[in-house]
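K.L.:
Got a predicted model here, sequence first, then my questions.
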Amino acid sequence: MNETPNIRNEELQEQNDCLPWNAVDALYGMACVAIGAALLLTITATVRSDSNLNPTNLAPLSILHLMMLFSVWAFGLRKSGANVGTLGLLMPKGKWQSLTKWLSLSIGGLVASLLIHAIYVLTVTYIGIEYLTPPPIPDELLGGGLDRLISAGVLVIIGPFAEELFFRGFILAAMIKSIGIVPGITIASLIFAISHGEVAIIVPVFASGVILSLLYIKTGSLWPPLAAHSTQNYLAVALI
């Protein structure tokens, strides 16, 4: 297993070594979600009569998040000895147990992610590569009134929670156990980026995945990356 002193968290490493699931289980989980996503896309494309966006477009996304949670349970938690604490749903310990410290770390990760995203957008815009320019979230997707509130809840709370459990607590932990910290972060972040299904955002989402992974590794907890992930989504929704 790779030794990376600058980012290695001994407690997390020990926890990952004792994980009841491994990279093969993670692959099964990814396959389950991928198959479900393909079926949902097919059904959505079939029943939609026009190309107009509306809040119901978030229903398939919600179902996909539920499938992520199901995969975490089916291929992870169901294993002997597994519990939500094994996934990282514990408060940060050690020097990061202070609320002020781990929130400050989360804010730092959020700022780094936003800066990388801004630099990426400015770069591809300057070069003139249109297909690599990240598209904005369509206002029609959120709707208005109660629909907008529900949509925001999906994007800001439900989505980040399910994705952090799946990509960091489940996949990243399994990859670290099987192939080491640096390769594990790389592969898990690449999967995280590809899962967003948009070529234009693969690079910035990959960078965000790396940052969120480091937050998880440094604190041994999902709460710091979840805070950063949720806040970033909130800012994206708020700017619409």
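P.N.:
Sure, I can see it.

K.L.:
Can you list the buried residues in the helix ranked longest in the chain?
P.N.:
Taking DSSP state H as the criterion, the chain has its longest helix at helix 99-127. Within helix 99-127, the residues scored as buried using 16 or more other CB atoms under 10 Å are 102-103, 105-106, 109-110, 112-114, 116-117, 120-121, 124. Every residue, glycine included, has its C-beta placed from N, CA and C.

K.L.:
For residue 69, see how far away the spatially most central residue of the chain is.
P.N.:
With the centre of the chain defined as its mean C-alpha position, the nearest residue by CA atoms, centre = their mean is residue 163, 4.1 Å away. Counting by CB to CB, to the nearest Å, the gap from residue 163 to residue 69 is 10 Å.

K.L.:
What pLDDT is listed against residue 11?
P.N.:
Per-residue confidence at residue 11 stands at 55 (pLDDT).

K.L.:
Same question for residue 35.
P.N.:
Residue 35 carries a pLDDT score of 91 in this model.

K.L.:
State the number of residues packed around it.
P.N.:
Other residues within reach of residue 35, judged by other CB atoms under 10 Å, total 11.

K.L.:
do residue 237 as well
P.N.:
17.

K.L.:
now do residue 199
P.N.:
12.

K.L.:
and if you look at residue 129?
P.N.:
11.

K.L.:
show me where pLDDT drops low in this protein?
P.N.:
Applying pLDDT under 70 to the chain picks out residues 1-17, 44-60, 80, 138-143.

K.L.:
At which residues are the helices of it located?
P.N.:
10-17, 23-47, 58-72, 99-127, 139-142, 146-153, 159-163, 173-179, 181-194, 202-219, 223-238.

K.L.:
Residue 79: which of those helices is closest?
P.N.:
Counting by CB to CB, residue 79 lies closest to helix 23-47 out of these; the figure is 7.4 Å.

K.L.:
other SSEs contacting that closest one?
P.N.:
Contacts defined by 3 or more CB pairs under 8 Å, 6 or more residues apart in numbering; DSSP states H and E place helix 23-47 against helix 58-72, helix 173-179.

K.L.:
And the last one, how far out from the chain middle?
P.N.:
Here helix 173-179 shows a centroid-to-chain-centroid distance of 17 Å under the convention CA atoms, centre = their mean, to the nearest Å.

K.L.:
Ok, the longest one next?
P.N.:
With CA atoms, centre = their mean as the basis, helix 58-72 stands 13 Å off its chain's centre.

K.L.:
Could you check the angle that helix makes with helix 23-47?
P.N.:
160 degrees (axes from the mean of the first three to the mean of the last three CA atoms, to 10 degrees).

K.L.:
re earlier: the residue nearest to the centre of the chain reaches residue 68, doesn't it?
P.N.:
Yes. Here residue 163 reaches residue 68: they are 6.8 Å apart, a contact under CB atoms under 8 Å.

K.L.:
need the buried residues of helix 99-127 in JSON lines with distance to residue 22, can you?
P.N.:
Listed next are the buried residues of helix 99-127 as JSON lines, based on distance: CB to CB, whole Å:
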{"residue": "102", "distance to residue 22": "28"}
{"residue": "103", "distance to residue 22": "32"}
{"residue": "105", "distance to residue 22": "28"}
{"residue": "106", "distance to residue 22": "29"}
{"residue": "109", "distance to residue 22": "27"}
{"residue": "110", "distance to residue 22": "31"}
{"residue": "112", "distance to residue 22": "30"}
{"residue": "113", "distance to residue 22": "29"}
{"residue": "114", "distance to residue 22": "34"}
{"residue": "116", "distance to residue 22": "31"}
{"residue": "117", "distance to residue 22": "33"}
{"residue": "120", "distance to residue 22": "33"}
{"residue": "121", "distance to residue 22": "37"}
{"residue": "124", "distance to residue 22": "37"}
